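A.B. asks: What follows is a protein structure lacking sequence information:
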Ligand code: GDP
Ligand code: MN
Ligand code: MN
């Protein structure tokens, strides 16, 4: 058994309205069931999501949080504007984005973008993945899946990893429930986070710095799903999410 991760070479610095699918097709021949993994940084650049702090005016809530976490109040304002909720306000901001992804600073970042600019993550990453996927399918005539990724930390471990934030034609979870283990025992709870695993594998080639590899193909694994799939299949429902409930309790005490 084997699969391949293939860096798509020769991708330029991405600017607003660049045609990412056309750039992919120009530089690599796609095959049926390829999984096209794309760093959210370039999706955001193509969507024109860069901004400057000097253009923002912090509101009262941003000023109050900034006084505690010692960040630029305009940066706090930017994070608040992209979040439905902050689960931690200080010493760092753990945000839930409007589409339900939980990450530091709502994914806002100033790395791999020029000068004074910062970059928001795509507002609706599933929609971004679908737009890219549909155009890639039209250009190539192949059946493809797309994963839009970002680099996130984890709650209980040091070290960041690639994670899926938007998907197209791939289910983010593989259900093993009901399958038998080596000894015939029926698995009761296992769901494998394949979209995150694939994002992590692709991230090995992307790296985090000046590598200039924002797109990686995963070839040789069969996760293609023709029917609609959404990243929120991965997000725990409010009732089930014990960690979020706990963080809300801590936040009330302003820890
Ligand atoms: P994120 O994980 O989506 O936040 O993206 P990163 O900033 O970690 O970048 C992932 C990879 O994409 C790295 O190899 C970067 O050098 C590369 N990258 C970022 N922006 C661009 C770009 O505009 N053009 C190219 N060719 N590579 C980029
Ligand atoms: Mn990022
Ligand atoms: Mn990254």
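C.D. replies: Received it, and whenever you're ready, just let me know what you need. Predicted model, so just to flag it, every value in this text is computed and none were measured. Ligands and ions are numbered 1, 2, ... in the order given.

A.B. asks: from here on, contacts and neighbour counts on C-alpha atoms
C.D. replies: Fine.

A.B. asks: per-residue pLDDT, the residue nearest the centre of the chain?
C.D. replies: By CA atoms, centre = their mean, the chain has its centre lying nearest to residue 165, at 2.9 Å. Looking at residue 165, its pLDDT is 98.

A.B. asks: so which strand or helix has it?
C.D. replies: Per DSSP states H and E: residue 165 is located in strand 161-168.

A.B. asks: Show me what that strand pairs with in its sheet, parallel or antiparallel.
C.D. replies: Paired neighbours of strand 161-168 in the sheet (DSSP bridges): strand 145-152 (antiparallel).

A.B. asks: where does the stretch 101-250 of the chain come near ligand 3, residue by residue?
C.D. replies: 151, 208 (CA under 5 Å from the ion).

A.B. asks: got the angle between the lengthiest helix in the chain and strand 145-152?
C.D. replies: Using DSSP state H to define each element, the chain has its longest helix at helix 125-140. Relative orientation of helix 125-140 versus strand 145-152 (axes from the mean of the first three to the mean of the last three CA atoms, to 10 degrees): 140 degrees.

A.B. asks: Does helix 125-140 reach ligand 1?
C.D. replies: No. Helix 125-140 lies out of reach of ligand 1 by CA under 6 Å from any ligand atom, never closer than 11.6 Å.

A.B. asks: Quick one: list the elements packing against that helix.
C.D. replies: helix 20-27, strand 145-152, strand 161-168 (3 or more CA pairs under 8 Å, 6 or more residues apart in numbering; DSSP states H and E).

A.B. asks: chain center to the last one, what's the gap?
C.D. replies: In other words, strand 161-168. Its chain's average C-alpha position is 4 Å from that of strand 161-168, according to CA atoms, centre = their mean, to the nearest Å.

A.B. asks: Which residues of the stretch 151-255 of the chain lie near ligand 1?
C.D. replies: By the rule CA under 6 Å from any ligand atom, the part of the stretch 151-255 of the chain lying against ligand 1 is 151, 206-214.

A.B. asks: that older thread, give the next helix or strand downstream of the strand holding residue 165.
C.D. replies: Downstream of strand 161-168, the first helix or strand assigned by DSSP H and E is strand 174-175.

A.B. asks: pLDDT of the next helix or strand after that following strand, averaged?
C.D. replies: Next along the chain after strand 174-175, taking DSSP H and E as the criterion, comes strand 191-192. For strand 191-192, the mean pLDDT works out to 95.

A.B. asks: In JSON lines, list the helices and strands packed on helix 125-140 along with distance to residue 178.
C.D. replies: Shown next, in JSON lines, are these (distance: least, CA to CA, whole Å):
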{"stretch": "helix 20-27", "distance to residue 178": "38"}
{"stretch": "strand 145-152", "distance to residue 178": "26"}
{"stretch": "strand 161-168", "distance to residue 178": "25"}
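
A.B. asks: Would you mind listing where the stretch 151-255 of the chain has pLDDT under the threshold?
C.D. replies: Applying pLDDT under 70 to the stretch 151-255 of the chain picks out residues 254-255.

A.B. asks: quick revisit: weed out the non-buried ones from the residues of the stretch 151-255 of the chain next to ligand 1.
C.D. replies: Burial by neighbour count, judged by 16 or more other CA atoms under 10 Å, picks out 151, 206, 208, 212-214 from those.

A.B. asks: could I get those as a markdown table with secondary structure?
C.D. replies: Formatted as a markdown table, these follow (DSSP: H, G, I helix; E, B strand; the rest coil):
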| residue | secondary structure |
| --- | --- |
| 151 | strand |
| 206 | helix |
| 208 | coil |
| 212 | coil |
| 213 | coil |
| 214 | coil |
